[in-house]
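1. Dropping a prediction and its sequence here:
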Amino acid sequence: MSQEHLAVYEVFVRSARGLDHKHVGSLHAESPEHALMYARDCYIRRSEGVSIWVVEAKNITASQDEDLENFVEPMDDKPYRHATHYVLPDSVNNM
Amino acid sequence: MDNDKNEERPAMQPQDEAALLDEFERKIKAEEKIEPTDWMPEAYRKNLIRQMSQHAHSEVIGMQPEGNWISRSPSLRRKAVLLAKVQDEGGHGLYLYSATETLGISRSEMIEALQTGKAKYASIFNYPTLTWADVGAIGWLVDGAAIVNQISLQRTSYGPYSRAMIRICKEESFHQRQGYEIMYQLAKGTPEQKQMAQDSMNRFWWPSLMMFGPHDSESAHSGQSMKWKIKRQSNDELRQKFIDQTVPQIEVLGLEMPDPEIKWNEERGHYDSGEINWEEFYQVINGSGPCNHQRIKHHVKAHEDGEWVREAVRAYRAKQQAKSEENAA
Ligand SMILES: [Fe+2]
Ligand SMILES: [Fe+2]
Ligand SMILES: [Fe+2]
């Protein structure tokens, strides 16, 4: 079986206990269990992490670049969602 | 590989449990976070479910007193700001419910506990919002008190709770600032506006102090929570921190202190303040506050009014499932 026929898995690694898992890359594998072992061999050879998640790429629903403008643009015109929008006297500005 | 997963695991022996507890306590001591798949004592799990679900309920019920003013905000800007704030609180509820679900309790169990009064929420939300200044006082004092508590909880020992707190704290700063901005404008406005700000602060000051819970000597869950690092600072420590940071903010507003006993104590390096009316605290927490009944009634109504949406989701899912089974056949 050529590698192209294997499923693609996205790999997420938690670098230390208490932190979020972060996306680090992807790989091909014949099963989720194998993906996990390959991810261990590929991505945490130097103790880069304490926990790995693998997710088959086809199970990820992603936003589309072409739609991005309509998708996130409505958020850009709401500056009042940011703390810096509110001007307070200097002496209490550390709030 | 699939085979070993299905193999029956032998029942846990007492010595295994002791080893697991040792490992759990080692992690707590070493400031390592506990993650959902780790073994944890049943009491730790229960204690977290109680505290985290109570926190989630507070975010959601807290939308009501402020939501009361959305349609009556004094300007379009204020309305947009208030909408954005209340929307954030709904989001905080979601982060916290999701984090609590990692402990093995379902959303519907939590909602039921809230609606039947088995679970509590912050007693502050049982007070009414009588004037526009109350929106300012809530953002400034109530979110301000919540921030003090939540900053401390960023260091809680349970990973998902800690991460939810970090996310929430980033969003809270705008909540407090928009509230203070309202108070500042009122306090520097006409005499009537200033009086409105004063009255609102006077009403929300004491309930804000109560948000930190009973005195350490009276607090039912505190000891174990501190030992397991669910809580990192005691109720009284956090309350003092809030008082110390808020008094100078009252001075900048030019309002009178809501408590005549507030006085800088040089020796302690903290502000002294008067005693809280604990009778009122227990009354409100046990259901007799001005708005307890209304808050839960409204929550139940909103939940029931939303039933058709959940029904539509179920129908859609059943249809999709039938379709995919048809295609597979
Ligand atoms: Fe909150
Ligand atoms: Fe919140
Ligand atoms: Fe908030």
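-> On my side now, so go ahead. Ligands and ions are numbered 1, 2, ... in the order given.
2. that's a helix at A:E10, yeah?
-> No - counting by DSSP: H, G, I helix; E, B strand; the rest coil, A:E10 is not found in a helix; it is strand.
3. My guess is B:K229 contacts B:Q154. True?
-> No - taking contacts as C-beta atoms under 8 Å, B:K229 lies outside contact range of B:Q154: 12.0 Å. (Each C-beta comes from the backbone N, C-alpha and C, glycine too.)
4. And the spatially closest residue to A:Y86 that is not a sequence neighbour, how far from A:H82?
-> Spatial nearest neighbour of A:Y86, chain neighbours left out: B:R177 (3.9 Å); criterion: C-beta to C-beta, 6 or more residues apart in numbering or on different chains. Noted for B:R177: a distance of 10 Å to A:H82, by C-beta to C-beta, to the nearest Å.
5. what sits against residue 61?
-> In the absence of a named chain, this looks at chain A. For A:T61, the contact set (C-beta atoms under 8 Å, 6 or more residues apart in numbering or on different chains) is empty.
6. Wait, chain B was what I had in mind.
-> Here B:I61 is in contact with B:L114, B:Y121, B:A122, B:F125, B:R295, B:H299 (C-beta under 8 Å, 6+ apart).
7. which secondary structure element contains the residue nearest to A:Y86?
-> helix B:159-187 (DSSP states H and E).
8. Show me which residues of chain B sit near chain A.
-> Residues of chain B lying close to chain A (C-beta under 8 Å from any C-beta of the partner chain) are B:1, B:27, B:32-33, B:35, B:77, B:80-81, B:84, B:88, B:144, B:159, B:162-163, B:173-174, B:176-178, B:180-181, B:184, B:248-249, B:252.
9. Would you mind giving me the PyMOL syntax to select the buried ones in these?
-> Here is the PyMOL command that selects the buried residues among the residues of chain B next to chain A (16 or more other C-beta atoms under 10 Å in any protein chain shown):
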select buried, chain B and resi 27+32+33+35+80+81+88+144+159+162+163+173+174+176+177+178+180+181+184+249+252
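10. okay, now residue 59: neighbour count?
-> Reading this off chain A. 9 (other C-beta atoms under 10 Å in any protein chain shown).
11. please go with chain B instead
-> The local packing of B:E59 (other C-beta under 10 Å) involves 23 other residues.
12. Assign a three-state SS to it, would you?
-> Assignment for B:E59 (three-state DSSP): helix.
13. How about the contacts made by it?
-> Per C-beta under 8 Å, 6+ apart, neighbours of B:E59: B:E89, B:G90, B:H92, B:G93, B:L96.
14. pLDDT wise, what is it at?
-> As predicted, B:E59 sits at a pLDDT of 97.
15. Next: B:S152.
-> Reported pLDDT for B:S152: 96.
16. Just list the residues touching the closest residue to B:V252 other than its chain neighbours, thanks.
-> Of all residues not flanking B:V252 in the chain, A:V92 sits nearest, at 5.1 Å (C-beta to C-beta, 6+ apart). Contacts for A:V92 (C-beta under 8 Å, 6+ apart) come out as B:Y180, B:P248, B:Q249, B:V252.
17. longest helix anywhere in chain A?
-> In chain A, assigned by DSSP state H, the helix with the most residues is helix A:32-43.
18. Just the residues contacting it, thanks.
-> A:7, A:9, A:11, A:13, A:24-25, A:27, A:29, A:49, A:52, A:54, A:56, B:1.
19. Try it again at 7 Å.
-> With contacts defined as C-beta atoms under 7 Å, 6 or more residues apart in numbering or on different chains, helix A:32-43 is touched by A:Y9, A:V11, A:V13, A:V24, A:G25, A:L27, A:A29, A:I52, A:V54, B:M1.
20. In a helix, A:H23, correct?
-> No - A:H23 is assigned strand when assessed by three-state DSSP, not a helix.
21. Relative to ligand 3, how far out is the residue lying closest to it once chain neighbours are set aside?
-> The spatially closest residue to A:H23, leaving aside those adjacent along the chain, is A:F12, at 5.4 Å (C-beta to C-beta, 6+ apart). A:F12 sits 29 Å away from ligand 3, going by C-beta to the ion, to the nearest Å.
22. Roughly how far does A:F12 sit from B:D16?
-> Taken as C-beta to C-beta, the span from A:F12 to B:D16 is 30 Å.
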